[in-house]
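S.K.: got a predicted model here, sequence first, then my questions.
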Amino acid sequence: MTGGLKDEETEDYIHSPFIRKQGNIYKPNNKSMDNDSINEKTMQDIHTKEIDLVNRDPKHLNDHVVKVDFEDVIAEPAGTYSFDGVWKASFTTFTVTKYWCYRLLTALVGIPLALVWGIFFAILSFLHIWAVVPCVKSYFIEIHCVSQVYSICVHTFLDPLFEAMGKCFSSIRVTTTKVV
């Protein structure tokens with residue numbers, strides 16, 4: 001009888017209850033929620049794109065710079081080994097210290113620097129869109145007028161001059177002989 005009540009309750013719902021399968025908070029993979037929302041294929045907000053928490057350097061910006069492991073910094077040549085316990089403790093100390101110092105610094109300084117870099121690139125984008133590109137386009141429009149005048153001057157004065165010089169020098173023949 002309770003099974004019958006549950007079936008009746010689920011039949012009364014127009015939509016199935018929200019059950020989140022995978023995806024993040026911005027783009028859930030729930031089909032019933034996608035049908036009710038605005039078509040995401042036509043309107044996508046770039047501010048809510050998914051972030052890959054596994055591969056945090058997808059464009060490989062820091063492949064050659066920051067890969068510093070214990071073996072890259074501390075190495076003992078053959079014949080001058082420390083105690084195994086000291087080597088293991090040094091490895092653990094180095095690795096854990098680097099890990100937690102990086103995490104602490106990113107927690108304290110990462111967000112303010114992200115704010116600073118966000119403002120910097122926003123200003124840079126603003127200047128490029130609203131100042132640099134219009135100035136360059138203006139320059140090309142103005143230089144086109146100058147290039148027309150320059151072209152007329154070259155064709156009027158220099159073309160006949162160099163054509164006459166070419167005809168004068170075309171009759172000159174140079175012969176070389178080798179004396180042995």
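M.R.: Received the coordinates, thanks. Numbering: from 1, shown residues only.
S.K.: now do the SS call for Asn55.
M.R.: On the three-state scheme (DSSP: H, G, I helix; E, B strand; the rest coil), Asn55 is labelled coil.
S.K.: now do the contacts for it.
M.R.: Shown in contact with Asn55 (Cβ atoms under 8 Å, 6 or more residues apart in numbering): no residues. C-beta here means a position set from N, CA and C on the backbone, and glycine is covered the same way.
S.K.: so where's this protein shaky on pLDDT?
M.R.: Low-confidence segments of the chain (pLDDT under 70): 1-48.
S.K.: so which strand or helix has the residue nearest the centre of the chain?
M.R.: In the chain, the C-alpha nearest the mean C-alpha coordinate belongs to Lys59, at 7.0 Å (Cα atoms, centre = their mean). Remark: Lys59 resides in no helix or strand, with elements defined by DSSP states H and E.
S.K.: any idea how far it is from Met165?
M.R.: From Lys59 across to Met165, the span is 57 Å (Cβ to Cβ, to the nearest Å).
S.K.: next one: phi and psi at the residue nearest to the centre of the chain?
M.R.: For Lys59, the backbone dihedrals are phi -100, psi 10 (criterion: degrees, to the nearest 10).
S.K.: mind listing the strands for this protein?
M.R.: In order along the chain, the chain carries no strands (DSSP state E).
S.K.: who's sitting farthest from the centroid in it?
M.R.: Of all residues in the chain, Val180 sits farthest from the chain's C-alpha centroid, using Cα atoms, centre = their mean; the distance is 68.1 Å.
S.K.: now it: how far from Val174?
M.R.: 20 Å.
S.K.: Asp84 now?
M.R.: Counting by Cβ to Cβ, the separation of Asp84 from Val174 is 85 Å.
S.K.: more crowded one of the two?
M.R.: Asp84 (8 against 4; other Cβ atoms under 10 Å).
S.K.: how about the contacts made by that one?
M.R.: By Cβ under 8 Å, 6+ apart, the contact set of Asp84 is empty.
S.K.: which residues of this structure fall in helices?
M.R.: 2-12, 31-36, 70-73, 84-105, 111-127, 133-153, 159-169 (DSSP state H).
S.K.: for Leu53, which of these is the nearest?
M.R.: Judged by Cβ to Cβ, the one of the helices of the chain that comes nearest to Leu53 is helix 84-105, at 14.6 Å.
S.K.: alpha carbons only: can I get that closest one in CSV?
M.R.: What follows is the C-alpha trace of helix 84-105 in CSV, where atoms were taken according to Å, rounded to 0.1, in the frame of the first residue of the first chain:
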residue,chain,number,x,y,z
ASP,A,84,68.7,7.0,4.7
GLY,A,85,66.5,8.4,7.5
VAL,A,86,68.0,11.9,7.0
TRP,A,87,67.5,11.7,3.2
LYS,A,88,63.8,10.6,3.7
ALA,A,89,63.2,13.3,6.3
SER,A,90,64.8,15.9,4.1
PHE,A,91,62.6,14.8,1.2
THR,A,92,59.5,14.9,3.3
THR,A,93,60.4,18.3,4.9
PHE,A,94,61.1,19.9,1.5
THR,A,95,58.0,18.5,-0.2
VAL,A,96,55.6,19.4,2.6
THR,A,97,57.1,22.8,3.2
LYS,A,98,56.9,23.7,-0.5
TYR,A,99,53.4,22.4,-0.7
TRP,A,100,52.0,24.3,2.4
CYS,A,101,54.0,27.5,1.8
TYR,A,102,52.6,27.6,-1.7
ARG,A,103,49.1,27.0,-0.5
LEU,A,104,49.4,29.7,2.3
LEU,A,105,50.9,32.2,-0.1
